[in-house]
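> Structure for this input, please:
(chains A and B, ligands or ions: 2)
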Amino acid sequence: MKTASGFNTIGEAAEQAALVPVQFDSKDYMLPEGANLAASLLAAGVSVFRNTPASGAPRGPFCMMGVCYDCLVEIDGVTRQACQTQVSANMQVSKPAIPAAALREDDHA
Amino acid sequence: MRETDLAIIGAGPAGMAAASEAANAGIATILIDEQPTVGGQIYRDVQRVAPLRGAMLGQDYLDGLPLARAVANPLISHIAGAVVWQVETDGTITYSIDDQSHQVKASRILIATGAIERPMPLPGWTLPGVMTVGAGQILLKQSGLIPNRAVLVGCGPLLYVLASQMLKANTPPLAIIETQTTGDLMAAMKHVGGALRGWRYLLKGSKLLAALKLGGVKRYTGARNISIEGEEAVTGVSFDTGGKRQIIACDTALLHHGVVPNVQISRALQLDHDWNGQQACFSPKLDLWGKSSEAGIFIAGDGAGIGGAKAAALCGRLSALKIANELGKLTDAELAAKAAPINAELSSECAARPFLDRAYPPFREALSPRDETIVCRCEEVTAGDIRKAAALGCQGPNQLKAFLRAGMGPCQGRGCGLTVSALFAEETGKPIAEVGYFKIRSPLKPITLGELASLEKDAD
Ligand SMILES: Cc1cc2nc3c(=O)[nH]c(=O)nc-3n(C[C@H](O)[C@H](O)[C@H](O)COP(=O)(O)OP(=O)(O)OC[C@H]3O[C@@H](n4cnc5c(N)ncnc54)[C@H](O)[C@@H]3O)c2cc1C
Ligand code: FES
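Ligands and ions are numbered 1, 2, ... in the order given. Coordinates of the predicted model:
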């Protein structure tokens, strides 16, 4: 099933790579292999990538350059920035179960 | 541990130009970047993308091709996909590739990590569908993606660059909501002399605006009381303009009010920094070659102070020449002869900067957000929380971490640091230079225990 996405893909970009299966939150997607994971999920209609540990508020990619960490997802059990990750076949992606708290700097301020 | 004469962190225009200049002088150089390909922010992925959509992205993007090609030099070793998470004053750099940590030791280090977009905290800016204009550009360059129903909010040339690229791709933004006023433009006119020397920029700017007008892109200027609307995702942007409240429905809101130096590494090294009042940001204290307060450590490009891509490349070259001189590869006379034309080009390149800085000042509402606005996105700390902590006697940004966890999330204050310092300055009446900034510690990016453990193996 194709989800409506808020994004347009310009012609050539869509044709570049072979599509491979990726799961996000138990839903199946076909995404271009080697493409940026955050961009590919956005193009496929995913807009909420995680919920914040503090209030549970929904978040999605904000900076696309590795600065904000709002694109954090769990990939095959490891929490990573989707905007710094390339699509590979059969990735199991989900909203992070152990929220960003696990990545916090130690309380040594 | 691998050793080298020069290690450059960041393969944008500054890092690429420095690497090829150093290689020309016979210096073995390692060029490290977390992206899979060279190019940095402006020339992101330029070698792959130029043939695909170079025409739409324009000549300013294609200008990156010769720089990127020059990196293919036997004296330059490009380490791609490598996230630097620690830099030490003895020249040791630690980075991770695919969860494996590695170290390299360099007799000189050039930090060329560029800029990040100035945080733009507005009500609703954490909703899915809100991104930065830079993010919009990255999606377009790297992935060929354009938001269908987007509004651009803020100020500065980058808004026009993205809007005109979207227009060329037949998906123009629904509107550009701009925060600068006619008064800002009048104030900037005082510097128009400099801007005329940098006339290329003025011409480019007016061409972009003319194209947007012709394309029917609606612009609002002097916008105030801006809010991003929506519950679970963006549904629109509301603002006051010309005495009237407007709301524009959209699915994507792209924010931008300038870029500021990315100081994570220079701060972690505890190099000296100054407050730059004109650009409203902290930047590392450097000499004319980009030498920092620590021997052997240089900084070039937007990470040294915002000057744009052309200036970044020129500054990278100057640092590389000075490093070649220090390493005995260039005599003082050779250094002076090579640097003179670069310095001349740099001064005309920077001539338009004071005009641009004043014509597009940062948006005041985002520098001093309303109490209910979230400032620290990671820990969801509001401007009101920070003001309250300051009133209760919290001593500054670093103590605030203990009070509210602001700056302690995974982004390490990249997204809130400047706002936190500004709010403290406002509440305590102290100059911001005195308030200072978050203390930054390694690891600069969150790493796993496995990555730490892999370091032991690499050391053998
Ligand atoms: C998102 C964004 C988009 C922009 N788009 C434009 C544009 O279209 N036109 C324009 O004129 N200006 C643009 N700018 C401004 C532009 O960034 C600068 O003028 C120019 O790119 C500065 O070059 P630089 O070499 O100093 O840094 P950059 O080009 O930013 O390069 C810095 C490099 O350092 C790398 N890096 C940073 N930290 C680390 C780390 N810890 N480990 C490893 N690598 C690291 C980054 O991956 C990046 O490749 C943009 C800025 C941003 C932030
Ligand atoms: S979108 Fe900001 S870190 Fe990925």
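
> CA only for contacts and neighbour counts going forward, please
Fine.

> packing partners for the helix of greatest length in chain A?
Secondary structure of chain A per DSSP state H: the longest helix is helix A:37-43. Judged by 3 or more Cα pairs under 8 Å, 6 or more residues apart in numbering or on different chains; DSSP states H and E, the packing partners of helix A:37-43 are strand A:7-9, strand A:27-32.

> Format those as JSON lines; extra columns: distance to ligand 2 and mean neighbour count.
Output for the helices and strands packed on helix A:37-43, formatted as JSON lines (distance: least, Cα to the nearest ligand atom, whole Å; neighbours: other Cα atoms under 10 Å in any protein chain shown):
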{"stretch": "strand A:7-9", "distance to ligand 2": "16", "mean neighbour count": "19"}
{"stretch": "strand A:27-32", "distance to ligand 2": "18", "mean neighbour count": "18"}
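
> thinking again about what came up before, if we look at the longest helix of chain A, which residues are touching it?
A:5-9, A:31-32, A:47, A:61, A:64, A:71, A:82-87, B:139, B:143, B:145 (Cα atoms under 8 Å, 6 or more residues apart in numbering or on different chains).

> Can you list which of these are found in helices?
B:Leu139, B:Ser143.

> Could I have the ChimeraX command that selects the buried members from the contacts of helix A:37-43?
Burial among the contacts of helix A:37-43 is assessed by 16 or more other Cα atoms under 10 Å in any protein chain shown; the matching ChimeraX selection reads:
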select /A:5,6,7,8,9,31,32,47,61,64,71,82,83,84,85,86,87 /B:139,143,145
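
> ok so, going back, in a markdown table, list the helices and strands packed on helix A:37-43 along with distance to ligand 1.
What follows is the helices and strands packed on helix A:37-43, written out as a markdown table (distance: least, Cα to the nearest ligand atom, whole Å):
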| stretch | distance to ligand 1 |
| --- | --- |
| strand A:7-9 | 18 |
| strand A:27-32 | 22 |
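
> Out of the ones you listed, which gets nearest to B:His256?
Nearest to B:His256, of all these, is strand A:7-9, at 19.6 Å by Cα to Cα.

> Need the residues that contact that closest one.
A:Leu42, A:Ala43, B:Ser143, B:Gly144, B:Leu145, B:Ile146, B:Pro147, B:Asn148.

> okay, A:Ala102: pLDDT?
For A:Ala102, the pLDDT comes out at 43.

> Can you point out the helix or strand that includes B:Gly407?
Counting by DSSP states H and E, no helix or strand carries B:Gly407.

> That one: neighbouring residues, count only.
For B:Gly407, the count of nearby residues is 31 (other Cα atoms under 10 Å in any protein chain shown).

> Not counting sequence-adjacent ones, nearest residue to whatever residue of chain A ends up closest to ligand 1?
Of all residues in chain A, the one sitting closest to ligand 1 is A:Met65 (6.6 Å; Cα to the nearest ligand atom). Nearest non-adjacent residue to A:Met65, counting by Cα to Cα, 6 or more residues apart in numbering or on different chains: A:Cys83, 6.7 Å away.

> In contact with the one you found, which residues?
A:Asn36, A:Leu37, A:Ala38, A:Ala39, A:Pro61, A:Met64, A:Met65, A:Gly66, A:Cys71.

> I'd like the distance between the second one and B:Ala366.
Just to be clear, that refers to A:Leu37. To B:Ala366, A:Leu37 is 30 Å away according to Cα to Cα, to the nearest Å.

> do the last one as well
Computed as Cα to Cα, the A:Cys71 to B:Ala366 distance reads 23 Å.

> for the fifth one, same thing?
As judged by Cα to Cα, A:Pro61 and B:Ala366 stand 20 Å apart.

> Check the first one too.
Going from A:Asn36 to B:Ala366 by Cα to Cα gives 30 Å.

> Show me the shaky parts of the stretch 151-300 of chain B.
Applying pLDDT under 70 to the stretch 151-300 of chain B picks out residues B:194-196, B:198.

> any idea how chain B splits into domains?
Listed by automatic domain parsing, the domain ranges of chain B are B:2-116+B:260-330, B:119-257, B:368-435.

> Of all those domains, which one is nearest A:Ala57?
The nearest among the domains of chain B, by Cα to Cα, is domain B:119-257 at 8.1 Å.

> Can you give me the end-to-end span of that closest one?
8 Å.

> which residues of chain A fall in strands?
A:7-9, A:19-24, A:27-32, A:50-51, A:58-59, A:72-75, A:78-81, A:91-94 (DSSP state E).

> Present those as CSV; the columns should include mean pLDDT.
Shown next, in CSV, are those (pLDDT from 0 to 100):
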stretch, mean pLDDT
strand A:7-9, 89
strand A:19-24, 97
strand A:27-32, 96
strand A:50-51, 94
strand A:58-59, 96
strand A:72-75, 95
strand A:78-81, 92
strand A:91-94, 97
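
> For B:Phe403, find the nearest of these.
Across the strands of chain A, closest to B:Phe403 is strand A:50-51 (Cα to Cα), at 23.1 Å.

> where's the closest one relative to the chain centroid, distance-wise?
11 Å (Cα atoms, centre = their mean, to the nearest Å).

> Tell me who's in contact with B:Gly81.
B:Asp33, B:Glu34, B:Gln35, B:Pro36, B:Thr37, B:Ile97, B:Asp98.

> Go through those and single out the one with the most neighbours.
So for the contacts of B:Gly81 (other Cα under 10 Å), the most neighbours sit at B:Asp33, 26 neighbours.

> Just give the closest residue to B:His78, not the sequence neighbours.
B:Leu31 (4.7 Å).

> dump the residue contacts of the one you found.
With Cα under 8 Å, 6+ apart, B:Leu31 has these contacts: B:Ala7, B:Ile8, B:Ile9, B:Gly10, B:Ala11, B:Gly15, B:Met16, B:Ala19, B:Ile76, B:Ser77, B:His78, B:Ile79.

> mind running it again at 10 Å?
Residues near B:Leu31 by Cα atoms under 10 Å, 6 or more residues apart in numbering or on different chains: B:6-11, B:15-16, B:18-19, B:38, B:71, B:76-80, B:82, B:110, B:112.

> neighbouring strands for whichever strand or helix holds it, and are they parallel or not?
In the assignment (DSSP H and E), B:Leu31 maps to strand B:29-32. Note on strand B:29-32: by DSSP bridges, its sheet partners are strand B:2-9 (parallel), strand B:76-79 (parallel).

> Just confirm B:Leu209 contacts B:Leu162, I think it does.
No - between B:Leu209 and B:Leu162 there is no contact under Cα atoms under 10 Å: 11.7 Å.

> Close to ligand 1: what parts of the stretch 101-250 of chain B are there?
B:Ala112, B:Thr113, B:Gly114, B:Ala115, B:Ile116, B:Glu117, B:Gly134, B:Ala135 (Cα under 6 Å from any ligand atom).

> Just these: which are in helices?
Using DSSP H, the members of these that fall in helices are B:Gly134, B:Ala135.

> most neighbours, which of the residues of the stretch 101-250 of chain B next to ligand 1?
B:Ala112 (33 neighbours).
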